[in-house]
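J.: sequence plus the predicted model coming up.
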Amino acid sequence: MAAHPDSVIDCSKVYVKRSTFSTEETGYFDGAFANVPIKEGELVEKGVMRRLPDGFDGNTCPYIFTWSTERPNKTWGMGSGCAPFYNTCKEGTANTRMVRHFNEDKFEIYATRDIAADEELLHTYISLKWRTCFAELNEIVHKDDEEK
């Protein structure tokens with residue numbers, strides 16, 4: 001079922017379940033998955049971002065979004081819909097990309113290639129390489145780079 005045409009949030013093409021990357025060793029965590037086949041360039045999800053209070057340190061919390069282009073980042077947000085459940089991957093390998101509209105506190109997620117129904121949805125976190133809460137994750141994602 002599609003979202004109402006006036007809705008600022010639509011994640012009808014996405015559902016959440018245990019991630020394919022989740023194991024007993026990594027600990028169990030959820031991921032976002034395609035509910036239907038999605039074509040390259042198609043809107044996967046749209047939503048809103050709620051800014052967190054000044055002083056919140058997103059470097060210690062992996063469940064929120066970097067919500068500005070300034071570095072060091074001081075603006076953090078809580079995303080709507082299924083967006084918080086998209087896991088990350090190396091740049092250039094994600095099947096989605098997030099377009100951030102910082103001045104409107106909205107985002108859109110698009111398919112970077114055709115995505116099959118039930119495929120896990122991934123995008124590269126813009127703060128993967130520098131947020132302290134992602135240090136271990138960044139090492140895992142870029143492990144192959146070090147072996148070459």
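T.: Nice, thanks for sending it over. Residues are numbered from 1 along each chain as shown.
J.: which stretches of this structure form strands?
T.: Under the criterion DSSP state E, strands of the chain are mapped to 14-18, 30-34, 43-51, 65-66, 76-79, 96-101, 106-111.
J.: for the shortest one, name the packing helices and strands.
T.: Right, the one you point to is strand 65-66. In this structure, strand 65-66 packs against strand 76-79, with contacts taken as 3 or more Cβ pairs under 8 Å, 6 or more residues apart in numbering; DSSP states H and E. Every residue, glycine included, has its C-beta placed from N, CA and C.
J.: over to the longest one?
T.: Using 3+ Cβ pairs under 8 Å, 6+ apart as the contact criterion, the secondary-structure elements in contact with strand 43-51 are strand 76-79, strand 106-111.
J.: the longest helix in the chain is where?
T.: helix 135-141 (DSSP state H).
J.: okay, now R50: neighbour count?
T.: For R50, the neighbour count with other Cβ atoms under 10 Å is 13.
J.: equivalent analysis for S22, please.
T.: 15.
J.: isn't it right next to F29, touching?
T.: Yes. Applying Cβ atoms under 8 Å, one finds S22 in contact with F29, separated by 5.0 Å.
J.: tell me the contacts of the residue most central in space within the chain?
T.: Nearest residue to the geometric centre of the chain (Cα atoms, centre = their mean): Y86, 4.0 Å. Shown in contact with Y86 (Cβ atoms under 8 Å, 6 or more residues apart in numbering): 31-32, 96, 98, 109, 121-123.
J.: quick check: it vs A111, distance?
T.: Distance from Y86 to A111, counting by Cβ to Cβ, to the nearest Å: 12 Å.
J.: repeat that for T132.
T.: 31 Å.
J.: still on that earlier bit, ok, the contacts of Y86 vs Y15, which is closest?
T.: In terms of Cβ to Cβ, no member of the contacts of Y86 lies closer to Y15 than A32, at 7.5 Å.
J.: can you name the residues bridging to that closest one?
T.: V16 (DSSP bridges).
J.: surely it touches E120?
T.: Yes. Judged on Cβ under 8 Å, A32 makes contact with E120 at a distance of 7.1 Å.
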